[in-house]
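[1] When you get a sec, could you give me coordinates for this:
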Amino acid sequence: MWKDWIRPYVRPLPQWSVVAVAPPQQVVTATLHWDGHSADVTADHTVASLVPLVIATSLDAGQHPVLEYRDSASGKLLGFLRLVQATSIVIEKSTLTLYHVAAGEHRCLGWPLRPWNGWLQNRLMRKSRAPQHFAPEPTAVQQLMIAYLCPRPVVLVSVDAPGHQNIFPMDLIGPLQRSGLFSLALRNTNISVPVMREVRQVALSNMPAPMKAAIYKLAEHHKHPLQDWSALPFPVRPSREFGIPAAAAALRIQELTIVHSQEVGSHMLFLGRIVSDEQLEEGTQLHHTAGFHQAYRRRQRAPFGEA
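    Modelled structure (predicted):
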C-alpha cells in the first residue's frame with residue numbers, strides 16, 4: 001500500500017492516457033475569456049501546430065485571452081492556457097484566429113505534487129530526446145497536455161488518389177463550430193500531405209476504443225503509403241459520396257472537402273467542410289487525454305475507461 005502512495009513522488013505520471021469515451025465528450029468544458037467577455041469553445045478550438053504550439057478558434061478574442069478547462073460536473077478549474085494572438089485566416093465568409101500559447105497551468109494535482117511531477121516529466125523528456133529529433137520543448141509539452149484536458153478523439157484519415165492510397169491515425173482534429181469548418185493539423189513530413197492538398201478529399205473513420213492496437217499499427221503510414229487496402233487488419237467500405245475506403249467497423253464515417261490548407265509551424269493545417277456524416281454504431285471511441293487528468297478522475301472515483 002505504501003508503494004502506491006510513494007510512487008508519484010519518485011516516478012512521473014504518464015504524459016498521456018489512452019481512454020474510451022462516448023462521443024462527443026462532455027466531461028470537460030472549454031471557455032475562452034477576454035476583455036470582460038467569455039464564450040464556450042468546447043467544440044470550437046483545436047491544436048493547429050505543435051512547434052510552436054498554436055491554438056485555432058473561430059472567435060476573435062482579442063490579443064491576450066485565457067482558455068479555461070473545467071470539469072463539467074463539478075465546475076472545478078482543471079487548467080488554463082494564456083494565449084497571444086498571432087494571425088487570422090479568412091476562408092470564404094469565415095475567419096479563424098490563431099493564437100500562440102504563452103503559458104499554462106493545470107490544477108489536476110495538488111501542491112507540492114504538481115510542480116514535482118512536472119519536474120520529473122521534464123527531466124525524463126530531456127533525457128530521452130534524441131539529437132535532431134522532432135519534439136517540442138518540455139514546457140510546450142506541458143502546455144499541450146493542458147489542451148488535452150478536453151479528451152481528443154482519434155480518427156483514421158483515408159486518402160485515395162491515382163498512384164497514392166493511405167490511412168493513418170490522427171488526433172489533432174476537430175470542429176470549429178461557429179465557422180462550420182473542420183480542422184486537421186498534420187505534420188509537414190507526412191507522406192500524404194501533397195496528395196491531400198491536391199485532391200482535397202478525405203474520409204474520417206471515428207474508431208472504437210477496442211481497436212486501439214490495430215489503429216496504432218497504422219501510425220507507420222505517416223511515413224509510408226499503404227500498398228493495398230486489402231492488406232489492412234480490418235475490412236473497409238467505401239465512403240458515401242467519394243467512395244474512399246474507410247474502416248467498416250467505424251462508429252462514424254465523415255467525408256471532408258478541404259477548402260484551405262496552409263503551413264502553420266511544424267504542421268500543415270487543413271480546413272474543410274463535412275460533406276457526409278454516417279453514424280453507424282454506438283459505443284466508446286478511442287481518445288487521448290493528459291495523464292494527470294486521468295489521475296484526477298481516479299481520485300474523484302470517476303476514471304475514464306482504459307482503452
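[2] Helices of the stretch 151-300 of the chain, start to end?
    Residue ranges of the helices in the stretch 151-300 of the chain, as given by DSSP state H, counting those that start in this stretch, are 193-199, 212-217, 291-299.
[3] quick one, which of the ones you listed is nearest to residue 128?
    Of all these, helix 291-299 sits nearest to residue 128, with 15.7 Å by CB to CB. The way it works is simple: take the backbone N, C-alpha and C, and place the C-beta from them, glycine included.
[4] in that closest one, what counts as buried?
    If you call a residue buried by 16 or more other CB atoms under 10 Å, then helix 291-299 has these buried ones: 291, 292, 293, 294, 295, 296, 297.
[5] Ok, stretch 256-263 next?
    Going by neighbour count (16+ other CB under 10 Å), the buried part of stretch 256-263 is 256, 258, 260, 261.
[6] any chance of those residues in TSV, plus distance to residue 120 and pLDDT?
    Putting the buried residues of stretch 256-263 into TSV (distance: CB to CB, whole Å; pLDDT from 0 to 100) gives the following:
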residue	distance to residue 120	pLDDT
256	40	98
258	41	98
260	41	97
261	38	97
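[7] Nearest to residue 181 among these?
    Distance ranking of the buried residues of stretch 256-263 against residue 181, using CB to CB, places residue 260 first at 8.3 Å.
[8] can I assume the closest one is in contact with residue 90?
    No. Between residue 260 and residue 90 there is no contact under CB atoms under 8 Å: 9.3 Å.
[9] Now do the contacts for the residue nearest to residue 289 when sequence neighbours are not counted.
    Closest residue in space to residue 289, ignoring its immediate chain neighbours: residue 151 at 4.3 Å, by CB to CB, 6 or more residues apart in numbering. Contact analysis of residue 151 by CB atoms under 8 Å, 6 or more residues apart in numbering lists 19, 21, 25, 27, 28, 287, 288, 289, 293, 304.
[10] just the residues you listed now: which is nearest residue 197?
    residue 288 (25.9 Å).
[11] For the closest one, the count of nearby residues, please.
    18 (other CB atoms under 10 Å).
[12] returning to what we had before: including distance to residue 241 and pLDDT, could the contacts of residue 151 go into CSV?
    As requested, these are arranged in CSV below (distance: CB to CB, whole Å; pLDDT from 0 to 100):
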residue, distance to residue 241, pLDDT
19, 31, 98
21, 28, 97
25, 27, 96
27, 32, 97
28, 33, 98
287, 27, 98
288, 29, 98
289, 32, 98
293, 36, 98
304, 34, 97
